[in-house]
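K.L.:
need coordinates for the below:
(4 chains)
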Amino acid sequence: MKKMELVKLIDTTRCTACRGCQVACKQWNELPGLKTKNWGSYQNPPDLQWNTWTLIRFNEVADKDNRVKWLFRKDGCMHCTDAACVKVCPSGALYHTEYGTVGIHHERCIGCKECMAACPFEIPKYDRDTDKVYKCDLCYSRIKDDQQPACVKSCPTGALSIGAKDAMIKKAYDRVKKLGGDANVYGDQFVDGTHVIYVLQEKPEMYDHLPKHPRVPFSVVAWKDFLKPISLLAAGGVLAGSFLHYIIHGPKTPDDIQENKTQGGE
Amino acid sequence: MEITRRGFLSLSGVIGSGLVLSPLGIDLKPMMAYAEELNKMNRIKAAKQSTTVCSYCSVGCGLICSVDKLTGKIINMEGDPDHPINEGSLCAKGAGLFDTTEANKHRLKKVLYRAPMSDKWEEKEMDWALKRIARLVKDTRDKGFVTKNAKGELVNRCENIGHLGSSNVDNEECWLMSVKARALGLIYIDHQARV
Amino acid sequence: MTNHYIDLKNSDCILIMGSNAAEHHPIAFKWILRAKEQNGATLIHVDPRYTRTSARCDFHVPLRSGTDIAFLGGMINYIIANNKWFKDYVLNYTNASFIVGQDYFFKDGLFSGYDAKTRKYDKATWVLEKEGNGIPKRDMSLQNPRCVFQMLKEHYSRYTLEKVSSITGVSKEDLVKVYAAYSATGVPDKAGTECYALGWTHHTTGSQIIRTMSIIQLLLGNMGIAGGGVNALRGEPNVQGSTDHAILYNILPGYLKMPTGSLDTLEKYLHKCTPESKDPQSANYYQNYPKFFVSFLMSMFHDKATKENEFGYSWLPKMDDGAAYSLMHLFDKMYEGKIKGLFAVGTDPAVSSPNAGKVRKALEKLDWMVGENIFNNETYAFWKGPGVDPQKVKTEVFLLPASASMEKEGSQSNSGRWVQWKYKAAEAPGDAIPVGELTIKIMAEIKALYAKEGGVCPEPILNLKWDYTDYKGRFDSLKVAKQINGYFLEDTVIEDKDKKTKTEFKKGQLVPTFGNLQLDGSTSSGNWVMAGSFTAEGENKMAKRGKEDSTGLGLYPNWSYAWPVNRRIIYNRASCDVNGNPYNPKRKLLAWVGDKWVGDVPDGPWPPQANKEKGKYPFIMKQDGLGALFGPGMVEGPFPEHYEPLEGPLAQNPMSSQRINPAIKIFNSELDKVANADEKFPYVCTTYSCTEHWCSGAYTRWQMWLLEMQPELYVEIGEVLAKERGIKNAEKVKVSSVRGEVECVAMVTKRFRPFTVEGKTVHQVGLPFNYGWLFPEGGSDSTNLLTPTVGDANTFCPEYKAFMVNVSKL
Amino acid sequence: MKKKSDNISSMQIIMERAIEKNPHNSNVIKAFSPIFIVRNQLMENLRLKKMDSFCFDEVKFRQGVPLIKQGSLFQKDDPWKDIVVELVKSAKGAFPNLRKDWECIESAAVNGNISIDDYLRAVPETEGVVNDWAAKVQASPAAVNIVLRQLARIILEARLKDIAKVIQGIDWQKGYCPICGTHPVIAQIQEKIGHRYLYCPQCSYKWHFSRVICPYCEHHGQQGMDFFFIEDNERESVFACDHCKRYLITLNQATNLNDYNLDVSAISLIHLDFIMQEKGFLPMAVCEWNIFQGNEVERQG
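P.N.:
Okay, the predicted model is just below:
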């Protein structure tokens, strides 16, 4: 059943980094809070982990006239339309849901970590104990049940919102027009559009861990869109050929086998 | 449970025999079987919702507490949408207020007592502790009570007991503590409002 | 707060100074952002450090900790020099036109009447001249050089842009940028407001900083209007309620003054505490002081209090004149071994008090301590602390489990004075019971012992009314709330001369408003300010949930009860001109229509000021009814003056030869060392909280998701200083002051910048105060091992925000 | 009407989803689906004349007088005859066992001796009128009730946009519908901020209402509002008021991420109606599907 494509909008210009979304995500998905160290930043845990599916990234920048700016960005799976991870996943653990987001069947994951290499945003994270990969699935269990993702529900300043794809994209561009300056929309231009889009105050390269031109790695494209289909074609050809041979010449009889052997002898 | 027809009719004249489901000839057995099964497995939970106020900062956001009536435990705390200050939203700490309820295993449940020179806590009964505390307060007050100060003025004060706290308890409790301290003659009275 | 949280949306310019609203009052910040969205308000953040609040404000101006009065003094100078003040408002509603007494003078940092030995002022000379009939002299032309306005102008003319910039480390352009933006609200149709918190109160000059801002708000006509006022965003859920009910050494519930030894009779006490004013137009509402005080005594001792025994006045403890008994004094005496017992209810002083090292040493000298809380913390387990040998600590410690706020019924006052009733959702775990019940039970046991065995001065204990339990013997908060509201103790008839009405009240009926309290003992009220939280018929107004908001200003008059008398914005008469027409028709808070006020509950029913016989000035609680530009009530001077922090980077005060606030108390136990302008401790240090933790962290450090986000103590250091000292980001460092040291992680950041102060480069660092040794184990200890034992001259609020430290690699 | 407009197909998707989530109620959902489908089709093609002048008294409205009591929301020339014919056609498919009744109703409608005016004026207390018409037309009250209710629903819903404009922005603090005075059949508590919206079965109007006040008897319940839910499915819950012994099915914490229709949601939670009526409560609004006659239940049980 084809459903409405959903997009989550992250308006970083409204975010006060209160990190309520980080707590709400862990509360809903029952992810433990582990012992961390202060590594010299407010950002903690330091990166996405198997038990941290969304993370507020803090980075301090000085702009042209040396005024300090503190940029907050909620990192997590971008739910690409042309998802490299789904392409490379051998076991079908990663799949596209009817909302266009990228869901994950944990039980099917074999821990091959192919997706970690393929993902242009370096999102999926591996857990040694369970030998599985984890990432944000945009609260697929909640969306199916007519509920907003836990992070969107918890956001007190209205920085996070979710809705139909075109409505959200329009809302993002309206907000950017109102903001002016370097404000821009990030996400709908790459990998056929992501289902998580940002309104950024500054140019994308000012934010750390945010690729300027994310795209499906060439190796994945080469394998998936050319080599694999050709190899399948070839395999198919062999099968068809041998079947055809069976129809025309009938089954191989014992002496035939003998004959072949001698002919090939010299 | 017998809903008598008369019971129906008396309901503000809205419901009559004609409006019920049965004559439409729909087979309700699967639905009733499901309802029965829910009842038997007591999967139908009774709960109560009441309003409360957040106990972190002084903005005074409103919350709605849902409590499972069977276990008496709080099962959910959410912002109160009709509250004019927070209009249903909460900050990160307020949203985590659930973690200060019984759900947090660090909550104090028993009276803890540390004997002089001891290096560990012991659990004690409440009554014993209250009586012991009253004894200590009386002896300490009687020993250190100052009726007249250096200038000979009548001061009636107890200078060797202090009271700290708290701006994290209800108004009624604050008033009781304030009045109790004055009745005991304490003058070293303070709390977080000054800190 | 003079206004309240929702009212912030009505403002056109919000100065956030002394507060980090986005991190510590996120929902208040939502209303601040709404002011920006709805009426294009300018948001200004002035703070030593660039924080998450600065990220969402229009601009951020860093200033050196401890120089707020210099910054604001410069703004007063700017407002007067550029004629930005609101003439009509200042003339009619402030004491600008009053004439200062001849003997008053200010010279080189000192006001007249200073006694260096006692470090106190004799305020005899800080007077305003009066006419023969006792009415203050006034020069409405404001030309008289001795009129308050000219004295104010002259006093702050010394705060030039150069001087202020040199003291605060703020560039002249930034100063003018803030001054211009904020003083633009000095016109009738604009409202400016200020949000402050501990950033202002944690200074030796804390009260005067807030007074400087109230002078600015009076000059710009921002006091008493929607979207105006001076608003404290306080940190604890019921700190407003605990202050109203006076768990404080210097006041009784309802801000009544604590009696002192020299006032040995009730009559002498009342005479000293009841101000008079000869000016018929000054409401001088505190003239009703005797009614409030006697009603309070009746609420304590009930029928045992009679005219003959002065309603039990002698049973109240008396302070020594001029003495103080604040938290710092308590720990000072405890350190001397003079304090034997301590009640520590819902608090963690071992982490949150200044000079925590001295506090922990002092605790060891206690005979016993009673703790009541929902979690354990460093105060109750001090005998297991670092460097403490339990065998040597004789203190007997009781830690009683208490119910959390959603496990008990009762009321909580937010700092916008909204008293909200909350309901009991669930039972508390285990043996935990509410603090109210613990208090009732302990006092009941003590009363029983005194009844049985007698003892020293048993009367106040035995005569205390103490029947606040329900039929099951459990704490009944509704009964206490009604006792606080107050009762008629006899059948009473209340006449209203103007309206010529007579209303009768029966004995035992609740008092509907503090206007009905009597001084003959026929009424009782545990706290006069709260009288009126119940109707005479017993309806609990604190539980109301009406959503009507006819003015559209977000007053919500039917939502809960706001003391006093449900007035949502204090001094709201000042929002109208002398004839009662609102200055800003777009935001009509109050208007005189026909023969009554319409809108918010007015500051008293009297007609507007222009009506010479019955009209009253707007500031009804002040003796002469007008806003105090010249404020003799403060202990260190009628005009706020900049003084350096006790421990600062400068050898002397650029403004005058008085380096520090002349009127603060200096503690001098051997652990109260001070190192001013000492090259061993060259960096200015400030302390603050963080979003993920709350106050001492005694609640939030036990929650894994919050601890994961802010696991341990850190010091935020500017990049320049870090490079200078060779400190790399995330490296373990030691921060030390002359009093103690802590180990923590260095967080090298762009958000702290060096200041140029008096031509010298001064670096500033900052640490959160949310950590303690008890949990997480092996974690960091309290920042307050570094802070000095010194406080504000008026309130003894400790100076956590400005002292000197050194940062060194481990 | 032949072209399958997209909102008909979306209605089918909604119904399929409802059946998928509550298979035990599929009989009831399937039985009523022709009525919902035909109602959507009629709504699609109905062009009602704009309402002529309507004397709206705001003061009365603020005191709680709904629009339907302030003037007629129906025009003389509303095409109610065609609507009844269509309704009966689909009803025949839905409830074949009442075929005789449908024929009587259709004939009565066609040759004109059904005037729905007095029914519409009686809303929301329509029980008396339904019984009179049932007698006059010799059809069972249940059948007449379905036709008249759906008829009024179609006309009111088609005209809702310009009726609702009249009361735009005026604060309505009552538990019954500001337009037709009917009590809600289902409530939806929004997910993000938790506002509660009540849904009127008679005219499909949705209005905001406090969460701690009982919509039926307006008892203030901030001290304690009872509600019931099915274990590990808090989303489908029922609010119950001890004071007036009425209940209101509530979609708790719901957001309209997927298309959905509150009528379908109400009918697919009929097991909650059954459970609550067994506990001695009654629904705030009586519809065609949510009342089980006491003894009827035993015999079938």
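
K.L.:
let me see the contact set for C:P317.
P.N.:
Applying C-beta atoms under 8 Å, 6 or more residues apart in numbering or on different chains, we find C:P317 in contact with B:155-158, B:182, B:185-187. C-betas here are computed from N, CA, C, even on glycine.

K.L.:
quick one, which of these are buried?
P.N.:
Buried members of these, counted by 16 or more other C-beta atoms under 10 Å in any protein chain shown: B:155-158, B:182, B:185-187.

K.L.:
dump the residues you listed to JSON lines, plus distance to chain A, pLDDT and secondary structure.
P.N.:
Compiled in JSON lines, the buried ones among the contacts of C:P317 are given as follows (distance: C-beta to the nearest C-beta, whole Å; pLDDT from 0 to 100; DSSP: H, G, I helix; E, B strand; the rest coil):
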{"residue": "B:V155", "distance to chain A": "50", "pLDDT": "94", "secondary structure": "strand"}
{"residue": "B:N156", "distance to chain A": "50", "pLDDT": "94", "secondary structure": "strand"}
{"residue": "B:R157", "distance to chain A": "46", "pLDDT": "95", "secondary structure": "strand"}
{"residue": "B:C158", "distance to chain A": "45", "pLDDT": "96", "secondary structure": "strand"}
{"residue": "B:R182", "distance to chain A": "41", "pLDDT": "96", "secondary structure": "helix"}
{"residue": "B:G185", "distance to chain A": "46", "pLDDT": "96", "secondary structure": "coil"}
{"residue": "B:L186", "distance to chain A": "40", "pLDDT": "96", "secondary structure": "strand"}
{"residue": "B:I187", "distance to chain A": "42", "pLDDT": "96", "secondary structure": "strand"}
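
K.L.:
what would those look like in TSV with distance to chain C?
P.N.:
What follows is the buried ones among the contacts of C:P317, written out as TSV (distance: C-beta to the nearest C-beta, whole Å):
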residue	distance to chain C
B:V155	4
B:N156	5
B:R157	4
B:C158	7
B:R182	6
B:G185	4
B:L186	7
B:I187	5
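
K.L.:
now distance to D:D118 too, for those, in TSV please.
P.N.:
As requested, those are exported to TSV (distance: C-beta to C-beta, whole Å):
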residue	distance to D:D118
B:V155	86
B:N156	83
B:R157	83
B:C158	83
B:R182	74
B:G185	81
B:L186	78
B:I187	81
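
K.L.:
and these, which is closest to A:D131?
P.N.:
A:D131 has its nearest neighbour among the buried ones among the contacts of C:P317 in B:L186, at 63.1 Å by C-beta to C-beta.

K.L.:
let me know the closest of the contacts of C:P317 to C:E131.
P.N.:
For these, the nearest to C:E131 is B:V155 (40.5 Å; C-beta to C-beta).

K.L.:
which residue packs closest to that closest one, ignoring adjacent ones?
P.N.:
C:K318 (4.2 Å; C-beta to C-beta, 6 or more residues apart in numbering or on different chains).

K.L.:
so the one you found is in contact with B:E159, correct?
P.N.:
No: using C-beta atoms under 8 Å, C:K318 is not in contact with B:E159; the gap is 11.7 Å.

K.L.:
name all residues that make contact with the residue of chain C found nearest chain D.
P.N.:
Minimum separation of chain C from chain D (C-beta to the nearest C-beta) falls at C:Y423, amounting to 5.2 Å. Shown in contact with C:Y423 (C-beta under 8 Å, 6+ apart): B:50-52, C:409, D:222-224.

K.L.:
tell me how many other residues surround C:A543.
P.N.:
Using other C-beta atoms under 10 Å in any protein chain shown, C:A543 is surrounded by 20 other residues.

K.L.:
what is the nearest of the buried ones among the contacts of C:P317 to chain D?
P.N.:
Of all the buried ones among the contacts of C:P317, the one with the least separation from chain D (C-beta to the nearest C-beta) is B:R182, at 32.8 Å.

K.L.:
can you give me the distance of the closest one to C:P460?
P.N.:
8 Å (C-beta to C-beta, to the nearest Å).
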